[in-house]
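Participant: sequence unknown, structure follows:
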């Protein structure tokens, strides 16, 4: 027997119909609270996110691949059918991608990519990806029609896209500067032998190391070699062990702004890897000579100065600095071990060395060059006070070179005052094979100890020579690390290099990373630098 539909049951069906309509994408009406405030109802659309872009620095008139993730994880258990498209747009242009078709069951997710051609004058506007859903509606009795509704989107401002490290310099400009002024290396021999301790890639080094909570290399590791090999981010405590999770971020300088006692310990022997001390000895020479940038990393940062001569590595930049903006270009080279050649206290694991330049973006010229050695020597050269470059030839090199001679030309310190006349003495540049400009500072690298010198001359007590008579080559463009708080994706080791607040070895007083050296310059608005004390030279 059929029951009559009462007015109450009809009302209930009507309310249910409205609720279902709202859940399926229509916006419910905000409801007032007892206090009179309006609370917007929570909506649960499917999620769409930009995972990464390639290249990380967009190039005008070149393809840009945008990788995305789309998840059908909302509370509406329905199949999502539609398309994902991409746009790069501002008032002058609107570049579109092809459509990626979506037909996704509830609870599923999918990853894909869209390709867009980067327009010229790509400096402002927005990059956006949009999921548009096909919805079927019955608008007229006995007829079915459909509409397209924008359901989810993800976007990035172009200004953010072009300055991912948030230091105020277009990342494309940073990359171009790092490429243009990359150094020319001259390694040294010792009794006719090439350096036994070679340049070392950070990822390669971690795969041959363990992490200790102290500086005693005989202690039990906090994380084993197998764990670091599988999860290098363990160095920053980003992942915990199954049986014990240490305080998260204790080795991350953005979370604990101080130098910690964590030590990366390269192992003397590793199963399956031949040779003794593989971490200390670094990548083999064949790899180094083929890649030409093993263990080399770049950094560009704005700094306000009254002139290039006023740069002081001990001064903390802040928003009240006077002068004009210079770009400080830094090259940081890593080695697995520092060998002093005579077996005294200078030996240690983990070795960071650096050469740096001050670039004037107004004149588009380098005005200062800095070679650093043994923490005591800052061999700086003021190019504005130098004479005309002098063409020179260097042994065992077919490239062309020039030499700038300063006021202290050919005056070097004696045993007592060993840092007196290194500045404004000599600096050399090699010719770029493409531009033919002399833009690459020459670096003479000590045998074993790896300190950076401007020429084969100069002296420091009890250290190996830096004659530059070993392998020599123009380095390949290194990856740009970005800034400590905002690393770049040109190398997957950037975040670890920039944030690790411990030591890059366990033997012999190993040094911390670039972020804990006075030679590393932080942006004026850095939240980290003003809190740091006890940095190293």
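Facilitator: Sure, I can see it. Only a predicted model underlies this, so the values are computations on that prediction, with no experimental measurement involved. Residues are numbered from 1 along each chain as shown.
Participant: okay, CA-based contacts and neighbour counts for the rest of this
Facilitator: Noted.
Participant: show me what contacts the residue nearest the centre of the chain?
Facilitator: Nearest to the mean C-alpha position of the chain, by CA atoms, centre = their mean, lies residue 481 at 2.5 Å. Contact analysis of residue 481 by CA atoms under 8 Å, 6 or more residues apart in numbering lists 297-299, 487-491, 494-495, 498.
Participant: So which residues of the stretch 201-350 of the chain form strands?
Facilitator: Using DSSP state E, counting those that start in this stretch, the strands of the stretch 201-350 of the chain run over residues 209-212, 263-266, 296-305, 324-338, 348-360.
Participant: Looking at these, which is nearest to residue 524?
Facilitator: Comparison of these against residue 524 by CA to CA identifies strand 296-305 as nearest, at 7.4 Å.
Participant: Tell me, please, where in the protein the pLDDT is lower than the cut-off.
Facilitator: Where the chain drops to pLDDT under 70, the residues are 1-44, 74-76, 136-148, 238-248, 341-345, 413-420.
Participant: 50 - rerun?
Facilitator: 1-43, 242, 415-416 (pLDDT under 50).
Participant: For the buried ones among the contacts of residue 481, write the corresponding PyMOL selection.
Facilitator: To isolate the buried members of these in PyMOL, using 16 or more other CA atoms under 10 Å:
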select buried, resi 297+298+299+487+488+489+490+494+495+498
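Participant: and the gap between the residue nearest to the centre of the chain and residue 189?
Facilitator: From residue 481 over to residue 189 the distance is 31 Å, taken as CA to CA, to the nearest Å.
Participant: which residues in the stretch 401-537 of the chain form helices?
Facilitator: 494-499 (DSSP state H, counting those that start in this stretch).
Participant: Check the stretch 101-250 of the chain too.
Facilitator: All helices of the stretch 101-250 of the chain, identified by DSSP H, counting those that start in this stretch, fall at 158-162, 171-180, 202-206, 225-230.
Participant: mind checking which of the ones you listed is nearest residue 87?
Facilitator: Residue 87 sits nearest to helix 158-162 of all the helices of the stretch 101-250 of the chain, at 11.5 Å, using CA to CA.
Participant: contact partners of the closest one?
Facilitator: 57-58, 122-127, 166, 170-172.
Participant: Among those residues, which one lies nearest to residue 259?
Facilitator: residue 166 (24.1 Å).
Participant: tally of neighbours for the closest one?
Facilitator: 19 (other CA atoms under 10 Å).
Participant: now swap in the one 3 residues further on and tell me
Facilitator: Burial measure for residue 169: 16 neighbouring residues, criterion other CA under 10 Å.
Participant: shouldn't it be in contact with residue 303?
Facilitator: No - the criterion here is CA atoms under 8 Å, and residue 169 misses it with residue 303 at 10.9 Å.
Participant: Off-centre distance for the helix or strand hosting residue 366?
Facilitator: Assigned by DSSP states H and E, residue 366 belongs to strand 365-373. With CA atoms, centre = their mean, to the nearest Å as the basis, strand 365-373 stands 22 Å off its chain's centre.
Participant: Flag every buried residue along it.
Facilitator: Within strand 365-373, the residues that count as buried by 16+ other CA under 10 Å are 366-373.
Participant: who's in contact with stretch 54-71?
Facilitator: Stretch 54-71 is contacted from outside by 46-53, 107-122, 161-162, 171-172, 489-490, using CA under 8 Å, 6+ apart.
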